[in-house]
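Undergrad: I'd like to go over a predicted model; first the sequence, then the structure.
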Amino acid sequence: MEAGWWGVLIAVLGGAIRIGTPFLFVSLGECLTEKSGRINLGLEGTLVMGAMTGYAVSLHSGSPWLGVVCAGLAGMVLGALHSWLCSFQRVNDIAVGIAMMLFGTGLAFFLGKPYIQPSAPRLPSIDLGAWSEIPQLQAALQINALFLVGIVVAIALAWMLKNTAWGLKVRVVGESADAARALGLPVDRIRILSTAQGGFLAGIGGSYLSLYYPFNWSEGLSSGQGLMAVALVIFARWQPVGCLWVSLLWGGAAALGPSLQSVGITGGYYIFNAIPYIMTLAVMIITCSPRRTLVGVPHELTVSR
Amino acid sequence: MSESRKLTRRQVLKGTAATGALSMLGNLEWIGQAWGASDKVKMGFIFVGPRDDYGYNQAHFEGKSAVAKLGWVKAFDEEKVPETIEVQKTMESMVKLDGAQVLFPTSFGYFDPHILKVAPQLPNILFLHCGGLYQDGKHPKNVGSYFGYIDESQYIAGIVAGGMSKSGKLGFVAAKPIPQVLRNINNYTLGARSIKPNTTVHVIFTGDWSLPVREAEATNSLVDQGIDVITCHVDSPKVVVTTAEKRGVYCTGYHCDQSKLAPKGYLTGAEWNWAKVYMDYAEMIRKGQTVPHLVRGGLKEGLVKVSNYNQVVTEAVRKQADAAKDKFMSGGMVVYKGPIKDNTGRVVIAAGKEHVQTDIWLESMDWLVEGVIGSTKS
């Protein structure tokens, strides 16, 4: 059965979910980290480390879900390390982030060497498209439970940041460290916890890449998705639910290039493939204005101070 | 391409038929020294990626492993060496610390400027590069190159794919529109259309050699369009093969055998057989023979092979594929025999004209044959 032009729509829909899920986890992690007043550029390294850890644990234990948990824990360790280093006086979180990015990817490549070839057990998928008779739609709606978990985490995070004491503390630390100290809040500890939790989410995003889609551990697996997530958080205005929509948009945009070629739009594929990156640039340009400040930006961020 | 080079290859081609196993092209005045028969032949291999990528590097590593089993060979390798000054350091240390007599830097980008820079400094060491870049008279005398016509295997894989496809639509996930890739796509298409003339091949260019997410998306998009056999030319076919298997369509492999990754759908594949090349080189060096500057070959010379057919491949299709293979093995096969049109309708090879496998003209291919849906324009 042939999908024709509908195929592009289906690919964008499917791609939004398939490609968007890791973006969702990493951007949620970054969102939480930035809400506490730190930027963690090391999430690219965390993502790759999570992908490797998840794949390795799944292979050895036979349980992909255990792999997901361990990927999260590995991410948590990297996140905690980042924020611990940043808690020293005059340490720049951007510089540490870049160092952590290189450290995370390097460590993952070093430890991941034996896992390039073997095939680990894959995460199961849920058929949300069983109602449809169109095989293409069924395939596009074959999703992984992690996507649903991501939606729940996004909503829960938004609610917690807004309505709980814990959320208020994180926001205070992110808005003004001095005010937080005056209130007697342990600024460094809150930041370390937030960054570690952010790392946990990014690690899970990595395990989605290696254990579900595209389901492979290789060194080209991430190709900058962790870095893109930092831009996504800005686009999402530091709103967790915004991260969800933005991730879906990015995923759909990334699916556009290949699907246009499959229906015979054969020219300009470099441009179509670059759409997510063009979007990132556009967002950066639109949101950067000397005359107004961004809505929702935590004021403790080194970039906004 | 210069006229003189064309002539040289043609002349050599005549020699090839006579010498058999390996085609020896170009100037044979090799200055390589004769190693004592009792010494071990020390061979160093350099890979740009991981040894076990189910792809290009693994194919070379399998070749290295085969030659390393010979008792009189000492083979060592280094993986993931970038195409930068790093490879120069690796080459030097392999020679100076490990005592390598012959080096095999296997990645395309190692040649210029890296091999060209190191080779003159180590005139007693052989530098044999995988790829078609060596030019007689222009490059150092202790440099040579070897490469296989894997598009012959792609032709056979195309026959199997075309024969097993129900929709008559095949898919090809390719990295970049460079001549080698285009040649594989065209051979695959010509193979499929040789038995089913209405077959089409949809090509998706991902833009780079290793982009797992985009390769998976490309595969999914192709399946959504009703394509039921998919192949690829990227660094590691693992993602394409596993995604095709998950979607329940057939696939054919590339570089090395991926049948373990897709036991149901892996019909066959185009594989390198570097073991043959490396064994031949080792033998030549041990015997103190002159090592040719250029080694080329396809199925007949044993430089490439075809994966075993999957059990689902029907008897009729096997016969058609084997018939073409026999023709390649006997040397009587010419894939690029006119009239051949490209996919814009332009006649690229006129009726009655033919381009044999070694024809240098084929190495500057920039067109897609009729039946391919895709464009070389970026």
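TA: Great, that's in hand. These numbers were taken from a predicted model, which means no experiment stands behind them. Residues are numbered from 1 along each chain as shown, chains lettered A, B, ... in the order given.
Undergrad: residue boundaries of the helices in the chain?
TA: Since you didn't name a chain, this refers to chain A. Remark: helices assigned in chain A by DSSP state H are A:6-35, A:43-61, A:64-86, A:93-112, A:135-140, A:145-163, A:165-175, A:177-182, A:187-211, A:225-235, A:240-262, A:269-273, A:275-287.
Undergrad: look at chain B instead
TA: Going by DSSP H, chain B shows helices at B:3-19, B:56-68, B:85-96, B:116-118, B:151-164, B:179-195, B:212-224, B:238-247, B:274-286, B:315-329.
Undergrad: Is it possible to get JSON lines of those that adds mean neighbour count, distance to chain A and mean pLDDT?
TA: Placement of C-beta: from N, CA and C, glycine included. Listed next are the helices of chain B as JSON lines, based on neighbours: other CB atoms under 10 Å in any protein chain shown; distance: least, CB to the nearest CB, whole Å; pLDDT from 0 to 100:
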{"stretch": "helix B:3-19", "mean neighbour count": "13", "distance to chain A": "32", "mean pLDDT": "43"}
{"stretch": "helix B:56-68", "mean neighbour count": "22", "distance to chain A": "8", "mean pLDDT": "93"}
{"stretch": "helix B:85-96", "mean neighbour count": "17", "distance to chain A": "15", "mean pLDDT": "94"}
{"stretch": "helix B:116-118", "mean neighbour count": "18", "distance to chain A": "26", "mean pLDDT": "93"}
{"stretch": "helix B:151-164", "mean neighbour count": "29", "distance to chain A": "17", "mean pLDDT": "96"}
{"stretch": "helix B:179-195", "mean neighbour count": "24", "distance to chain A": "12", "mean pLDDT": "94"}
{"stretch": "helix B:212-224", "mean neighbour count": "29", "distance to chain A": "4", "mean pLDDT": "93"}
{"stretch": "helix B:238-247", "mean neighbour count": "26", "distance to chain A": "5", "mean pLDDT": "93"}
{"stretch": "helix B:274-286", "mean neighbour count": "21", "distance to chain A": "18", "mean pLDDT": "92"}
{"stretch": "helix B:315-329", "mean neighbour count": "16", "distance to chain A": "23", "mean pLDDT": "95"}
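Undergrad: In terms of pLDDT, where does residue A:118 sit?
TA: As predicted, residue A:118 sits at a pLDDT of 85.
Undergrad: Could you tell me how many residues sit around the nearest residue to residue A:18 once chain neighbours are set aside?
TA: Distances taken as CB to CB, 6 or more residues apart in numbering or on different chains put residue A:213 closest to residue A:18, at 4.9 Å, once the chain neighbours are dropped. By other CB atoms under 10 Å in any protein chain shown, the residues close to residue A:213 number 28.
Undergrad: Need phi/psi at residue A:213.
TA: Main-chain dihedrals, residue A:213, degrees, to the nearest 10: phi -150, psi 120.
Undergrad: Domains in chain B, by residue range?
TA: Annotated domains of chain B cover B:3-150+B:273-297, B:153-265+B:304-373 [automatic domain parsing].
Undergrad: picking up where we left off before, looking at the helices of chain B, spot the one closest to residue A:66.
TA: helix B:238-247 (21.0 Å; CB to CB).
Undergrad: follow-up on the earlier one: make a markdown table out of the helices of chain B and add distance to residue A:266.
TA: Output for the helices of chain B, formatted as a markdown table (distance: least, CB to CB, whole Å):
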| stretch | distance to residue A:266 |
| --- | --- |
| helix B:3-19 | 32 |
| helix B:56-68 | 26 |
| helix B:85-96 | 35 |
| helix B:116-118 | 37 |
| helix B:151-164 | 20 |
| helix B:179-195 | 12 |
| helix B:212-224 | 13 |
| helix B:238-247 | 19 |
| helix B:274-286 | 34 |
| helix B:315-329 | 28 |
